[in-house]
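Undergrad: here is a sequence with its predicted model. Questions after.
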Amino acid sequence: MQKGNALEFAVKAIETAILKASPALKENTFLIESKKIVTVAGVRHEIDIWVEVDLGKGYRAIFIFECKNWEEKVGKNEIIVFSEKIEALQTQKGFFVAKSFTADAEAQAGKDPRIVLLRATEREETPVPFDFHFLIRDKTNVDLRFFQMGATEKLRNERMDLQKAEAHLRSERLDLHAYGNDWANDLCNAKLKSFPSGTKHEGEYELEASGDRTYEEGELKIQGKEFTRSEAHVKFTVRVVRPPVVSDFEIESRGRVLSLAPVLVGDGAVQIGFIAVPKEKGAA
């Protein structure tokens, strides 16, 4: 996570939690966006976080947040520009979030009753809470076998195209490929329940799981032939990933967010954050 976006991520996460916890609001009555561009009278304004609350019957309110993850103090010029944004957008309130402010900035903010200054405290070297880690399964290989009644020959999945073979289970058309994948997922999930990932170092681990199923007479037919038993053997790789803490912000009077590093999963990425807000905190 880039340093400039870390504070915005934390503020948005906190405000989303506050809005969702408000008994007066439902998800379809509020909107929260990051890096929103609003044009007023031909002038473009970039808003770090935009919150729009719509309670119906003409009751609509807009709140904006400006986030500056600076080591130096925010000065009065930044407050003047923010005040102009509030005026141009006709927002009910504007929150300016930063680590610290100069005395002039605080005095300037005091001239606009719509501005609220919020101090952000960043903690360093925070341990990952609850020994949190990801368990990611991939590289799955499934060996699916079917046995005929009284037959000595084992019919294996290599000898039939599971995607094209005509099969029926209890007289219902059966997709053998999906049937095998679902069974494999069940076996893998059952195996992972007993996998002691909490004691494992970060890395890849090879696991195996097996299972068998029996069928009543006439229950399972494949290519017109009756089968009474099947076996599934799965070999798969599981990754234990322990993402480090990349940011830990506490926003004055609003809440705290601890963010972990993004983790690649498939073609995308997942990022986890731990959020704590005061119980009494309502909507902005």
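TA: Received it, and whenever you're ready, just let me know what you need.

Undergrad: helices and strands of this protein: which one bottoms out on pLDDT?
TA: For the chain, scoring each helix and strand by mean pLDDT, DSSP states H and E identifies strand 155-156 as the least confident one, at a mean of 50.

Undergrad: past that one, which element shows up next along the chain?
TA: Scanning forward in sequence from strand 155-156 by DSSP states H and E, the next helix or strand is strand 167-169.

Undergrad: mind checking how far that following strand is from the chain centre?
TA: 38 Å (C-alpha atoms, centre = their mean, to the nearest Å).

Undergrad: I'd like to know how many residues surround residue 227.
TA: Counted by other C-beta atoms under 10 Å, the residues lying close to residue 227 total 21. Yep, even glycine has a C-beta here, placed from its N, CA and C like the rest.

Undergrad: just checking, it touches residue 220?
TA: Yes - taking C-beta atoms under 8 Å as the contact criterion, residue 227 and residue 220 are neighbours in contact, 4.8 Å apart.

Undergrad: show me where the chain has helices.
TA: Counting by DSSP state H, residue ranges of the helices within the chain are 3-21, 76-89, 103-110, 176-193.

Undergrad: of all the ones you listed, which one comes closest to residue 50?
TA: When these are ranked by proximity to residue 50, the top entry is helix 76-89, at 8.9 Å, counting by C-beta to C-beta.

Undergrad: what's the spacing between that closest one and its chain's center?
TA: The offset between the C-alpha centroid of helix 76-89 and the centroid of the whole chain comes to 33 Å, using C-alpha atoms, centre = their mean.

Undergrad: tell me which residues in stretch 31-45 are buried?
TA: Taking 16 or more other C-beta atoms under 10 Å as the basis for neighbour counts, the residues of stretch 31-45 that come out buried are 32, 36.

Undergrad: for it, which outside residues touch it?
TA: Counting by C-beta atoms under 8 Å, 6 or more residues apart in numbering, stretch 31-45 makes contact with 8, 12, 15-16, 19, 46-52, 54, 85, 88-89, all of which sit outside it.

Undergrad: on that earlier part again, what's the overlap in contacts for residue 227 and residue 220?
TA: If you check residue 227 and residue 220 against C-beta under 8 Å, 6+ apart, the residues they both contact are residue 146.

Undergrad: beta partners of residue 45?
TA: Partner residues in beta bridges with residue 45: residue 38, with DSSP bridges as the criterion.

Undergrad: cool, and residue 145?
TA: Partner residues in beta bridges with residue 145: residue 156, residue 231, with DSSP bridges as the criterion.

Undergrad: how much space separates it from residue 230?
TA: Distance of residue 145 to residue 230, computed by C-beta to C-beta, to the nearest Å: 6 Å.

Undergrad: between these two, point out the one with more neighbours.
TA: Set side by side, residue 145 and residue 230 show unequal neighbour counts under other C-beta under 10 Å, the larger going to residue 230 at 22 against 17.

Undergrad: I figured that one hits residue 142, correct?
TA: No - Residue 230 is beyond contact range of residue 142, at 11.8 Å (criterion: C-beta under 8 Å).

Undergrad: could you list the low-pLDDT ranges of the stretch 101-250 of the chain?
TA: For the stretch 101-250 of the chain, the stretches flagged by pLDDT under 70 are 149-160.

Undergrad: hmm, try it at 50
TA: Counting by pLDDT under 50, the stretch 101-250 of the chain shows low-confidence ranges at 157-158.
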